[in-house]
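Trainee: heads up, no residue letters with this:
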């Protein structure tokens with residue numbers, strides 16, 4: 001064997017051995033603490049039968065999506081009228097039911113306030129009444145077709161007026177009229193929370209409420225709701241398999257479910273607070289607190305340092321104000337230490353504290 005052949009063979013063997021002994025990166029299986037119930041796939045792919053509950057309505061839609069290709073539309077009529085997801089194969093949660101860091105997570109698109117809009121143009125198909133007319137026909141209550149009369153109080157098309165309309169479709173003081181195609185949508189209902197009922201394969205049930213008021217924001221107005229499994233009453237003592245999830249709003253409203261999962265999260269609470277300040281007596285100071293803790297629902301409590309004594313007494317934080325943003329007027333000069341306490345609403349994660357100094361001058 002010549003020198004060149006030996007070189008090629010040696011190089012090939014070395015390369016083969018390097019490949020053989022090098023670590024091979026494979027797709028990692030999903031953590032046993034992460035369980036998918038619904039991830040935006042079709043109902044058949046998800047193994048879900050969707051049904052209405054009470055006078056609520058529900059269905060799978062593809063025009064509004066958080067992830068995957070679909071979402072679940074829920075028209076709730078209150079806390080007991082909504083949607084029911086039944087799983088062909090009950091979902092096994094035995095690997096997470098005793099995990100203190102396991103959260104039931106849901107992405108919800110709540111109703112948003114609609115805006116009133118008015119488009120001033122002539123439409124040969126009539127105005128914007130409930131029964132707007134086609135050409136050559138009478139229109140709806142407030143609008144007519146091209147040759148038809150309008151409704152009893154609105155102008156019709158250019159050649160026909162309503163009972164109160166002018167000769168050419170306008171009102172008594174405007175014979176030619178203004179054909180406004182106007183649509184006014186009512187403000188969306190104030191959906192504050194989602195009620196979730198879990199039905200196990202042995203028929204036992206439990207329920208919880210997830211608040212939208214402090215929900216984490218996601219993209220395109222989707223909101224993240226999460227509750228620790230430990231905070232769901234009796235869940236750990238029931239069957240390990242969930243057969244149904246029932247979902248309701250706390251008012252009559254239409255909303256969408258984009259994803260339902262169980263996740264593992266042990267992110268500690270961390271606070272971002274503004275820097276020290278110097279102000280004058282009687283100035284009003286706005287304090288803004290911001291904290292991160294994964295999906296954990298947080299409570300913000302403030303102590304302004306204006307009262308004598310420690311910030312905490314017998315393990316209890318002395319609260320002067322609550323909320324992410326608060327205001328305080330300092331009426332005496334001096335130096336004050338303002339303390340922000342951010343805590344887990346469910347008490348799973350330990351609280352975090354942050355302090356800033358306020359110097360008040362005369």
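Mentor: Looks like it arrived, so ask away. Here the structure is a predicted model, which means the values were calculated and not measured. Numbering: from 1, shown residues only.
Trainee: Show me what the mean pLDDT comes to for the helix or strand harbouring residue 36.
Mentor: Using DSSP states H and E, residue 36 falls within strand 35-38. Averaging pLDDT along strand 35-38 gives 97.
Trainee: buried stuff in that strand?
Mentor: 35, 37, 38 (16 or more other C-beta atoms under 10 Å). For glycine as for every other residue, the C-beta is placed from the backbone atoms N, C-alpha and C.
Trainee: so who does the closest residue to the first one other than its chain neighbours touch?
Mentor: Distance criterion C-beta to C-beta, 6 or more residues apart in numbering; nearest residue to residue 35, sequence neighbours excluded, is residue 262 at 4.2 Å. Remark: with contacts taken as C-beta atoms under 8 Å, 6 or more residues apart in numbering, residue 262 is in contact with 33, 34, 35, 37, 93, 96, 102, 103, 104, 105, 229.
Trainee: what residues go with each domain of this structure?
Mentor: 35-113+189-264, 270-361 (automatic domain parsing).
Trainee: and among those domains, the most buried is which?
Mentor: Mean neighbours per residue, mean count of other C-beta atoms under 10 Å, is largest over the domains of the chain for domain 35-113+189-264, with a mean of 18.
Trainee: okay, how far is it across that domain, tip to tip?
Mentor: Terminal residues of domain 35-113+189-264 are spaced 9 Å apart (C-alpha to C-alpha, to the nearest Å).
Trainee: And for stretch 67-78?
Mentor: 26 Å.
Trainee: Let me see the residues that make contact with that stretch.
Mentor: By C-beta under 8 Å, 6+ apart, the residues outside stretch 67-78 that reach it are 38-43, 50, 54-62, 64-65, 82-83, 85, 107, 109, 247-259.
Trainee: what's the average pLDDT for that stretch?
Mentor: Mean predicted lDDT for stretch 67-78 stands at 96.
Trainee: What is the least confident helix or strand in the protein?
Mentor: Scoring the helices and strands of the chain by mean pLDDT, DSSP states H and E places strand 117-120 at the bottom, with a mean of 32.
Trainee: Which SSE is immediately downstream of the strand holding residue 36?
Mentor: helix 43-46.
Trainee: now do the same end-to-end measure for stretch 220-236.
Mentor: End to end - C-alpha to C-alpha - stretch 220-236 spans 35 Å.
Trainee: ok, residue 323 - contacts?
Mentor: Contacts for residue 323 (C-beta under 8 Å, 6+ apart) come out as residue 300.
Trainee: can you do 10 Å?
Mentor: 287, 288, 289, 299, 300, 301, 302 (C-beta atoms under 10 Å, 6 or more residues apart in numbering).
Trainee: hmm, back to that, okay if I get the contacts of residue 262 as JSON lines plus secondary structure?
Mentor: Output for the contacts of residue 262, formatted as JSON lines (DSSP: H, G, I helix; E, B strand; the rest coil):
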{"residue": "33", "secondary structure": "coil"}
{"residue": "34", "secondary structure": "coil"}
{"residue": "35", "secondary structure": "strand"}
{"residue": "37", "secondary structure": "strand"}
{"residue": "93", "secondary structure": "coil"}
{"residue": "96", "secondary structure": "coil"}
{"residue": "102", "secondary structure": "strand"}
{"residue": "103", "secondary structure": "strand"}
{"residue": "104", "secondary structure": "strand"}
{"residue": "105", "secondary structure": "strand"}
{"residue": "229", "secondary structure": "helix"}
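Trainee: Go through these and say which is closest to residue 309.
Mentor: Of all those, residue 309 sits closest to residue 103, with 37.0 Å by C-beta to C-beta.
Trainee: which non-adjacent residue is nearest the closest one?
Mentor: Closest to residue 103 by C-beta to C-beta, 6+ apart is residue 226, at 4.5 Å.
Trainee: Let me know the pLDDT of the one you found.
Mentor: The model's pLDDT for residue 226 equals 94.
Trainee: cool, and the one 10 residues further on?
Mentor: On pLDDT, residue 236 comes in at 91.
Trainee: can you check the one 5 residues further on too?
Mentor: At residue 241 the predicted local distance difference test score is 97.
Trainee: Just give the closest residue to it, not the sequence neighbours.
Mentor: Spatially, and ignoring its direct neighbours in sequence, residue 241 is nearest to residue 90 (3.7 Å; C-beta to C-beta, 6+ apart).
Trainee: Same check on residue 330?
Mentor: Nearest to residue 330 is residue 360, by C-beta to C-beta, 6+ apart, at 4.6 Å.
Trainee: do the same with residue 202
Mentor: Residue nearest to residue 202 in three dimensions, not counting chain neighbours: residue 239, with 4.5 Å by C-beta to C-beta, 6+ apart.
Trainee: How is the one you found assigned, secondary-structure-wise?
Mentor: Following three-state DSSP, residue 239 is assigned to coil.
Trainee: which among the contacts of residue 323 gets closest to residue 198?
Mentor: Among the contacts of residue 323, and counting by C-beta to C-beta, the member closest to residue 198 is residue 299, at 25.1 Å.
Trainee: I'd assumed residue 349 was in contact with the closest one.
Mentor: No: at 11.4 Å, residue 299 and residue 349 do not qualify as touching, with contact defined as C-beta atoms under 10 Å.
Trainee: In contact with residue 340: list those residues for me.
Mentor: Residue 340 makes contact with 271, 273-274, 287-291, 300-303, 321, 324, 326, 352-356 under the criterion C-beta under 10 Å, 6+ apart.
Trainee: Partner strands of whichever strand in the chain runs longest and their direction?
Mentor: Scanning the chain for the longest strand, with DSSP state E as the assignment, gives strand 252-264. Here strand 252-264 is paired, per DSSP bridges, with strand 35-38 (antiparallel), strand 71-77 (antiparallel), strand 102-109 (antiparallel).
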